[in-house]
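**Student:** quick check, what structure comes out for this input:
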Amino acid sequence: MIIAETSQKQTVILETNELYFLSELFGAGASTEGDNPILTYYAQGEMNEDWEKARESLLAKGILRKAGGGVELEERAFSGLAPLLFADKACWMKYKTGTGIYEESLLVTDEKVMAMELWQGEPALHRVDEIGGVKEACGILADKLKWNRRTPEEIPALLLSKRQFEDIHSRADELDMEEIMEELSKISDDQEGIIALAKCMKTSVSQGDLRLFARHGMKWECQSAQFMNNHHLNWLIRASSREDEDWLIATPTPQEKFHEMLQHWFQQ
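**Tutor:** This is a model prediction of the structure:
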C-alpha cells in the first residue's frame, strides 16, 4: 500500500489514471457536471484510460477493496482521501522561489486540507498529503510562498494598466531598477508605490499565480490573483479577466491579511 503516515497524517501516491478512476467512481468528476476543477486538470488525457487496470492497481495498493459486486474505499484510505474526492473548496498555485518553479494544489473540506503535487517531477504520479485543518494549512501556504511579516500597511494600492504592467514584468530581468521605475511612472504618479513595486520586481524571493475555487451547488466559482514578495514587501495583484478591460490593482498585503483572506475563502 502506498500510504504512509507521519504524526497520524497520511501521504498517498497516485498515478494519473488512478486519480481519474477515483474521481469518476465517487462523483468528484473529470467528465461530469459540477466536476472538481483540480481533479479535471490533473486527469487531462486520461479519459480513455483502461479503467480495469486502474481498478486492479488501486486494489493491489490497498486503497480499494471489493464489496459486493463492486469496490469501495478502504476505511484507512477513505480518511486520507475524503478531502481529495469530496472537496468543496480548492486552491491551485504555480510559483517561483529561488531558481525553482513549483506547482501544487490544496483541496479543502470542513475538517481537512490535502495538498497535491507531482511526485519527483513525474507527470503521471501525484503525491497527496494531509496537512491539517484550514487554519494550519493557510499558515503553511503563507510560509511556503515566503509571505513576510514586514509589509507596511501605509503604502496605498496601485491602479495600473494590466497590459503595460505585464509588459514591464515580462522584461524585469533585463531592465535595471531605474528603468523599471521609469516605465512604471508612465502608468502611475504614485512615486512611493512605484519605488516599492520596482524594488520588489528586482529583488523578489517568490512570485506566482493563485486560483481559488469554491463550489456552489453544481458550479465552481473561481477567483484569480498573482503575488510578488521580497524580504520587505508582499504584493497581491488582481486584474480584470475581460478582454475589453485594462485594469490591474497591486495591493501591499501583510502576511496576516493574506492568511485571513485565505481562511475566509476556505471557510465561507
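
**Student:** how much space separates residue 75 from residue 219?
**Tutor:** In this structure, residue 75 and residue 219 are separated by 32 Å, where distance is defined by C-beta to C-beta, to the nearest Å. Glycine gets a C-beta too; all of them are placed from N, C-alpha and C.

**Student:** would you map the strands across the stretch 151-268 of the chain?
**Tutor:** When secondary structure is read from DSSP state E, counting those that start in this stretch, the stretch 151-268 of the chain shows strands at 158-161, 206-216, 219-229, 234-239, 247-252.

**Student:** tell me the centre residue of the protein?
**Tutor:** Closest to where the C-alpha atoms of the chain average out (C-alpha atoms, centre = their mean) is residue 92, at 2.3 Å.

**Student:** now do the same contact list for that one.
**Tutor:** 37, 38, 41, 103, 104, 105, 210, 211, 213 (C-beta atoms under 8 Å, 6 or more residues apart in numbering).

**Student:** can you rerun that using 7 Å?
**Tutor:** Residue 92 makes contacts with 38, 105, 211, as judged by C-beta atoms under 7 Å, 6 or more residues apart in numbering.

**Student:** helix or strand next in line after the host helix or strand of it, which one?
**Tutor:** With elements delineated by DSSP states H and E, residue 92 resides in strand 89-97, which encompasses its position. Scanning the chain past strand 89-97 towards its C-terminal end, the next helix or strand to appear is strand 100-108 (assignment: DSSP H and E).

**Student:** which residues does the next helix or strand after that following strand contact?
**Tutor:** The first helix or strand that comes after strand 100-108 along the chain, using DSSP H and E, is strand 113-119. Outside of strand 113-119, the residues that reach it under the criterion C-beta under 7 Å, 6+ apart are 13, 83-84, 103-107, 125-134, 137.

**Student:** one more time with 8 Å
**Tutor:** 13, 38, 42, 80-81, 83-84, 87, 102-108, 125-134, 136-137, 266.

**Student:** try stretch 131-146
**Tutor:** Contacting residues not belonging to stretch 131-146 are listed as 9, 91, 93, 95, 97, 106, 108, 111-115, 205-206, 208, 227, 229, 255, 258-259, 262-263, 266-267 [C-beta under 8 Å, 6+ apart].

**Student:** ok now that stretch, how far from the chain's centre?
**Tutor:** Mean-position distance between stretch 131-146 and its chain equals 12 Å (C-alpha atoms, centre = their mean, to the nearest Å).

**Student:** buried set for it?
**Tutor:** Of the residues in stretch 131-146, those with enough neighbours to count as buried (16 or more other C-beta atoms under 10 Å) are 131, 132, 134, 137, 138, 139, 141, 142, 145, 146.

**Student:** one step back: need the buried ones from the contacts of strand 113-119 selected in ChimeraX.
**Tutor:** Selecting only the buried entries of the contacts of strand 113-119 in ChimeraX, with 16+ other C-beta under 10 Å as the criterion:
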select :13,38,42,80,81,83,84,87,104,105,106,107,108,125,126,127,128,129,130,131,132,134,137,266
